[in-house]
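Peer 1: I'll drop the sequence and a predicted model, then ask my questions.
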Amino acid sequence: MFGLRQKLLLGFGGLLLLLVVVGGLSIVVLQRYSDALAKFLSENYRSVEYGQAMKDDLERLVAADDRVERGDAAAVAEAARARAAFAKDLQDESSNITLHPREDQLVGELKNAWAKLEAARAIATDAARPPGERKAARETASALSARTRQLAQELININLNNMVVEDGQVRQTATAARHALIVLILAGAGLAVVFIVLLNRSILQPIRTLTQSAREIERGNLDLVVQVKSRDEIRQLAEAFNSMASRLREFRRTDRAKLVRTQRTTQLAVNSLPDAIAIINPDGRVELANEAAQRLFGLQPQMNLSAATASGLEDLFKRAASERRTVQSKGYDAAIQIYNGRERFFLPTAVPIIDEERHFVGVTLVLADVTNLRKLDEMKSGMLAVVSHELKTPLTSIRMATHLLLEERIGTLNPKQQELLVAAREDADRLYEIIESLLDMGRIESGRALIELQPVRAEQLVREAIEEVDAAYRDKGVTLEWDVPSDIPMVQADVDRIGHVFSNLLSNALKYTPSGGRVRVSAEQDADVVRFVVEDTGAGIPAEHLPKVFERFYRAPGQHGRSGVGLGLAIAKEIVEVHGGGISVQSKVGQGSRFSFTLARADRHVSDANAAEVSRS
């Protein structure tokens, strides 16, 4: 039996042999007809040349005879040369007669006309003849000359037509060559079809069977068995294919068991977690959810996240999917409130699932129970508010008493007593500012601090902030610059609250910038917001402390004891966020710091999130 190699060699070798034979025969046929055409065209072309030369010779002869008649003796030699040239061209044409039947007859007529022309010229040039006879001979010679030119032109036309007309020999030869090539091509195509049919039966049909079987396996049908009748390598491939399908069936059975065990283990693991956990596929459908997620939030497997009862989960999923990073709600105010016998709060977090090839495969939603943490935060805030409020009244009395004592309204003080009272007054004032800051922060967080948003020019905010601290900057010798372009749009802001933000940033810049330094305030347009920037050339903040500078009561190590308690930037952050903006810092040790915050433009639509923040305030 033939193997696959032998079949391929036979099939493609036969086609190659057929191509060589047909190509060789085509070359022979084309060469044969090409030679015939070349010979035929050459003969006709020479006949055309001879005819044209005879016409030219006659014209020279007639012109020379006219000059001889006028007495030009030198024209006799010219006439002799023209006669000799005509006779030679006529002889050459007689030896180059083509297959056209009319050409042989034309050559005979040319010879006859030429002989008569010679006889008439002989009489016309014979001085011994009477003038009347010579005149008649010249007229006869003129008519014969015209007749000879006519015959030469007809000879030219016959040969030209013989080369180009449809019924000429060129056309006949080309048609014969085309017919021969068509016969060869048809014969080659017929043999090629035979070879293709043989290849299709012995090779292509079994391969198609294997291809269809592979597609069936791709669809999950592992129970098929490939049947191939041939005994070549394709049969071996079919047997290996059947063996592979058998192994895949076995693997599928074992993999299904493993998958079921894995799913059960995973489900039990996530059910044991106290927080609500759900895994969302890229299409936004719930793939897996623990009991807490199903019971509290109704996140059932295979449901669409858009149908979830809890609001905000779909937006959180979309942000994590588009940004490819963990997205977490900020603050306890963003927690989802659930009533399940008792009030509970859950803070959602979306964690994107990225595979080893950096492809997005889903999102893990974690809804952490922050009920107790929220209560502790409320208790802390409440306690701070109560303590601050309770301390404010006696502290006011202490400040008033120290003020009266220092004015010496009650009695004269010695220098030591004055020094102690001044220190007490400064500490009391500092403690009063701390209490005011705590109360202010509590009011902002609880929403009792009224934020009155109105369109304000950015230049006005910056100018008023500069005027407030300008004297302090001059006293310390620090240059204060500001730059607000005239085309900066108006912003939505509470003038007093934003003034507090500027005051805190400018005070910090003055505090940490040495004499001779520079502080610059600027504003720039950025998309739908206006960004305000306060830059200084002070000591700068170490990189490890930058993430914590906006936290409450945080003070970077190394600060002086009277530099504050770390509430200024925290309050500034709260104010900016209530306005719907954001605040950030960039700094390098020894190169200064750059604080910036954003406010919404007054001529743009405020986003829903920002509007919600404003409404809460």
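Peer 2: In hand now; what should we look at?

Peer 1: quick one: average confidence on stretch 493-503?
Peer 2: Per-residue pLDDT values over stretch 493-503 give a mean of 88.

Peer 1: so that it lines up with my notes, have the first residue be 702 from now on.
Peer 2: From this message on, residue numbering opens at 702, which makes the last subject stretch 1194-1204.

Peer 1: give the buried residues for it.
Peer 2: Buried residues in stretch 1194-1204, counted by 16 or more other C-beta atoms under 10 Å: Ala1194, Asp1195, Arg1198, Ile1199, Gly1200, His1201, Val1202, Phe1203, Ser1204. For glycine as for every other residue, the C-beta is placed from the backbone atoms N, C-alpha and C.

Peer 1: of those residues, closest to Val894?
Peer 2: Out of the buried residues of stretch 1194-1204, the one with the shortest distance to Val894 is Ala1194. That distance is 86.3 Å, counting by C-beta to C-beta.

Peer 1: from what I can see the closest one touches Val1157, true?
Peer 2: Yes: taking C-beta atoms under 8 Å as the definition, Ala1194 is a contact partner of Val1157 at 4.9 Å.

Peer 1: end-to-end on stretch 926-941?
Peer 2: End-to-end distance for stretch 926-941: 11 Å, by C-alpha to C-alpha, to the nearest Å.

Peer 1: looking at this protein, which helix is longest?
Peer 2: Secondary structure of the chain read by DSSP state H shows that its longest helix is helix 705-770.

Peer 1: show me where the stretch 952-1101 of the chain has helices.
Peer 2: Counting by DSSP state H, counting those that start in this stretch, the stretch 952-1101 of the chain forms helices over residues 992-998, 1014-1024, 1072-1107, given from the N-terminal end onward.

Peer 1: which of those comes out lowest on mean pLDDT?
Peer 2: Among these, helix 1072-1107 has the lowest mean pLDDT, at a mean of 68.

Peer 1: and the residue sitting nearest the centre point of the chain, how far is that from Ala979?
Peer 2: Taking C-alpha atoms, centre = their mean, the centroid of the chain lies closest to Ser1023, which sits 17.5 Å from it. In this structure, Ser1023 and Ala979 are separated by 19 Å, where distance is defined by C-beta to C-beta, to the nearest Å.

Peer 1: redo the buried residues of stretch 1194-1204 as CSV? Include secondary structure and distance to Glu1108.
Peer 2: Compiled in CSV, the buried residues of stretch 1194-1204 are given as follows (DSSP: H, G, I helix; E, B strand; the rest coil; distance: C-beta to C-beta, whole Å):
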residue, secondary structure, distance to Glu1108
Ala1194, strand, 41
Asp1195, coil, 37
Arg1198, helix, 35
Ile1199, helix, 37
Gly1200, helix, 32
His1201, helix, 31
Val1202, helix, 35
Phe1203, helix, 34
Ser1204, helix, 29
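
Peer 1: in a markdown table: the residues you listed, plus distance to Ile798.
Peer 2: Formatted as a markdown table, those follow (distance: C-beta to C-beta, whole Å):
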| residue | distance to Ile798 |
| --- | --- |
| Ala1194 | 113 |
| Asp1195 | 118 |
| Arg1198 | 119 |
| Ile1199 | 116 |
| Gly1200 | 120 |
| His1201 | 122 |
| Val1202 | 116 |
| Phe1203 | 117 |
| Ser1204 | 122 |
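
Peer 1: ok, those vs Arg747, which is closest?
Peer 2: Within the buried residues of stretch 1194-1204, the smallest distance to Arg747 is 105.5 Å, found for Ala1194 (C-beta to C-beta).

Peer 1: and that closest one, what does it touch?
Peer 2: Taking C-beta atoms under 8 Å, 6 or more residues apart in numbering as the definition of contact, the neighbours of Ala1194 are Leu1154, Gln1155, Val1157, Leu1162, His1280, Leu1300.

Peer 1: looking at these, which are in strands?
Peer 2: Among the contacts of Ala1194, the members falling in strands are Gln1155, Val1157, Leu1300 (criterion: DSSP state E).

Peer 1: these two touch, right, Ile824 and Arg830?
Peer 2: Yes: with contact defined as C-beta under 8 Å, Ile824 reaches Arg830; the gap is 6.0 Å.

Peer 1: need the residues touching each of those two.
Peer 2: Applying C-beta under 8 Å, 6+ apart, one finds that Ile824 and Arg830 are jointly contacted by Ala838.

Peer 1: Leu811 is in contact with Thr849, isn't it?
Peer 2: Yes: counting by C-beta under 8 Å, Thr849 is a contact partner of Leu811 at 6.6 Å.

Peer 1: common neighbours of those two, please.
Peer 2: For the pair Leu811 and Thr849, residues contacting each of them under the criterion C-beta under 8 Å, 6+ apart are Met755.

Peer 1: ok, longest strand in this protein?
Peer 2: The chain, longest strand under DSSP E: strand 1044-1055.

Peer 1: can you check what angle separates it from helix 1014-1024?
Peer 2: 30 degrees (axes from the mean of the first three to the mean of the last three C-alpha atoms, to 10 degrees).

Peer 1: what are the bridge partners for Ala1301, then?
Peer 2: Going by DSSP bridges, Ala1301 is paired in beta bridges with Val1230.

Peer 1: pLDDT wise, what is it at?
Peer 2: According to the model, Ala1301 carries a pLDDT of 91.

Peer 1: distance of it from Glu1153?
Peer 2: In this view, Ala1301 and Glu1153 are 15 Å apart by C-beta to C-beta.

Peer 1: who has more neighbours out of those two?
Peer 2: Using other C-beta atoms under 10 Å as the criterion, Ala1301 and Glu1153 rank with Ala1301 on top: 22 against 10.

Peer 1: distance of the more buried one relative to Lys1274?
Peer 2: Distance, Ala1301 to Lys1274, using C-beta to C-beta: 16 Å.

Peer 1: got it, and Ala1008?
Peer 2: 37 Å.

Peer 1: the two - which one has more neighbours?
Peer 2: Taking other C-beta under 10 Å, Ala1008 and Lys1274 do not tie; Lys1274 has more neighbours (21 against 13).

Peer 1: now that one: how far from Arg1295?
Peer 2: Look at Lys1274 and Arg1295: by C-beta to C-beta, they are 16 Å apart.

Peer 1: before we move on, what about Ala1125?
Peer 2: Distance of Ala1125 to Arg1295, given as C-beta to C-beta: 39 Å.

Peer 1: go on, Val722?
Peer 2: Separation of Val722 from Arg1295 (C-beta to C-beta): 86 Å.

Peer 1: show the backbone phi and psi for Val1235.
Peer 2: Summarising the backbone geometry of Val1235 under the convention degrees, to the nearest 10, its torsions are phi -120, psi 110.

Peer 1: now do the buried residues in stretch 938-947.
Peer 2: For stretch 938-947, burial by neighbour count (16+ other C-beta under 10 Å) applies to Leu938, Ala939, Phe942, Asn943, Ala946.

Peer 1: could you dump these to CSV with pLDDT, distance to Leu762 and secondary structure?
Peer 2: Shown next, in CSV, are the buried residues of stretch 938-947 (pLDDT from 0 to 100; distance: C-beta to C-beta, whole Å; DSSP: H, G, I helix; E, B strand; the rest coil):
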residue, pLDDT, distance to Leu762, secondary structure
Leu938, 74, 91, helix
Ala939, 75, 93, helix
Phe942, 74, 95, helix
Asn943, 77, 99, helix
Ala946, 77, 100, helix
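
Peer 1: kindly indicate which of those lies nearest Ile1167.
Peer 2: Nearest to Ile1167 among the buried residues of stretch 938-947 is Ala946, at 81.7 Å by C-beta to C-beta.

Peer 1: which residue ranges form the strands in the stretch 1152-1301 of the chain?
Peer 2: Counting by DSSP state E, counting those that start in this stretch, one finds strands in the stretch 1152-1301 of the chain at the ranges 1155-1157, 1180-1184, 1192-1194, 1219-1227, 1230-1237, 1284-1289, 1293-1301.
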